[in-house]
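return a 3D structure for these sequence lines:
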Amino acid sequence: MVSKDQRRRQLAREKFERQQARRSVARHKAKRRTVIIASVVAVALAAGLAAYASVGFAGGDDRPSDRAADGTPSRAADPCGRPAQGAPLKKTWKKEPAMSVDTSASYAVQLSTTCGTIELKLDAGKAPHTVNSFDFLARQGYFDHSRCHRLVDEGIHVLQCGDPTATGSGSPGYTIPDENLKDPRLKGGVYPAGTVAMANSYDGRNDKTRNSGGSQFFLVYQDSKLPPNYTPFGTITGGMDVLRKIADAGATPADPQTNNTAPRATVVIDRATVRKS
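Predicted structure coming up:
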């Protein structure tokens, strides 16, 4: 007999994978629409993409009330500060960047966010394409001023970032291959707390939807049972208290347009830096 807790985790996993599939469909529709626009006039394409990016980030400064109606502290209270001045990068690229990382080294990342500093260690040896892409995008300023758009705090426990549009459908314009899916740390189909992994649009059925990672990544702040379909490419070395603070503030109800459950906290990456270590 399946326990209530097991059933709850199963439903959360299924919901997570349905959301990934829906985002894949939205991304394909957006790509098809972009191709059609491009065939008409290149100037219109540039204007349309700029408008889409600005709409995706609209409402970024809205902050929920810090107190409930009776004056007591609310779970929706925003524990984070105001974003630094600046706007997300709108640039995209046609193909994956050329390999430039040292696969014998690790790379240290500092995410300076409105909620505090989160530090990561990336493993270029196990996930060279993923780390190389992350390093490239960070040096381009792609993650700067971007909102972490998704928080899952039931069944699985992840904060998802890396989309300048803050919609869940943003992309750097290219995809990267899945890597390191047999990492021994993923024992029993569990992504342990402290894992940094790449999101993708794999639908769980069609292999053509594999190798679809781009810029979106998620930070696991508590052990989460997930199928090994998401490239683990690093670990969280500092800032777990920051992630817990974000999780404690809770998530919003699912957006009917994007199906994202956004963090109630104002989680914005002011600046992302990478250095070889």
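
ignoring the adjacent residues along the chain, who's closest to A247?
D153 (5.3 Å; Cβ to Cβ, 6 or more residues apart in numbering). To be clear about C-beta, it is placed using only N, CA and C from the backbone, and glycine gets the same treatment.

could you dump stretch 190-207 to CSV, C-alpha only?
Taking C-alpha atoms only, stretch 190-207 is exported to CSV below (Å, rounded to 0.1, in the frame of the first residue of the first chain):
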residue,chain,number,x,y,z
VAL,A,190,17.2,11.4,-5.2
TYR,A,191,18.9,14.7,-6.0
PRO,A,192,20.5,15.4,-2.6
ALA,A,193,20.3,18.8,-0.8
GLY,A,194,23.1,21.0,-2.2
THR,A,195,22.9,19.8,-5.8
VAL,A,196,23.0,22.3,-8.7
ALA,A,197,21.3,20.8,-11.7
MET,A,198,20.3,22.0,-15.2
ALA,A,199,16.6,22.2,-16.1
ASN,A,200,15.4,21.0,-19.5
SER,A,201,12.3,20.3,-21.5
TYR,A,202,12.5,16.5,-21.6
ASP,A,203,8.9,15.2,-21.5
GLY,A,204,9.8,11.8,-20.0
ARG,A,205,8.7,9.9,-23.2
ASN,A,206,10.2,11.3,-26.4
ASP,A,207,14.0,11.1,-26.7
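
so how far is it off the chain centroid?
Relative to the chain's own centre, stretch 190-207 is displaced by 11 Å; criterion: Cα atoms, centre = their mean, to the nearest Å.

next, the buried residues of that stretch.
Residues of stretch 190-207 classed as buried: 190-191, 193-203 (neighbour count, 16 or more other Cβ atoms under 10 Å).

hang on, C115 packs against A247?
No. Between C115 and A247 there is no contact, the gap being 10.7 Å when judged by Cβ atoms under 8 Å.

what's the separation between the nearest residue to E154 once chain neighbours are set aside and T114?
In space, and not counting its chain neighbours, E154 is closest to A12: 5.5 Å by Cβ to Cβ, 6+ apart. Per Cβ to Cβ, to the nearest Å, A12 is found 27 Å from T114.

before we move on, the earlier item: which pLDDT does the model give the residue nearest to A247?
pLDDT recorded at D153 is 95.

same thing with S277?
S277 carries a pLDDT value of 89.

ok, back up a step: ok so the residue nearest to E154 is a strand residue?
No. Counting by DSSP: H, G, I helix; E, B strand; the rest coil, A12 is located in no strand; its state is helix.

list the contacts of it.
152, 154-156 (Cβ atoms under 8 Å, 6 or more residues apart in numbering).

shaky segments in the stretch 51-200 of the chain?
Within the stretch 51-200 of the chain, the ranges that satisfy pLDDT under 70 run 51-76.

now with 50, please.
51-73 (pLDDT under 50).

about what we covered before: who has more neighbours out of C115 and A247?
C115 (25 against 19; other Cβ atoms under 10 Å).

now do that one against P228, distance only.
Relative to P228, and taking Cβ to Cβ, C115 is found at 29 Å.

next: A166.
27 Å.

what does N206 give?
With Cβ to Cβ as the criterion, N206 and P228 are 17 Å apart.

wait, doesn't R275 sit right on A108?
Yes. Here R275 reaches A108: they are 5.4 Å apart, a contact under Cβ under 8 Å.

more neighbours, those two?
Taking other Cβ under 10 Å, R275 and A108 do not tie; A108 has more neighbours (16 against 10).
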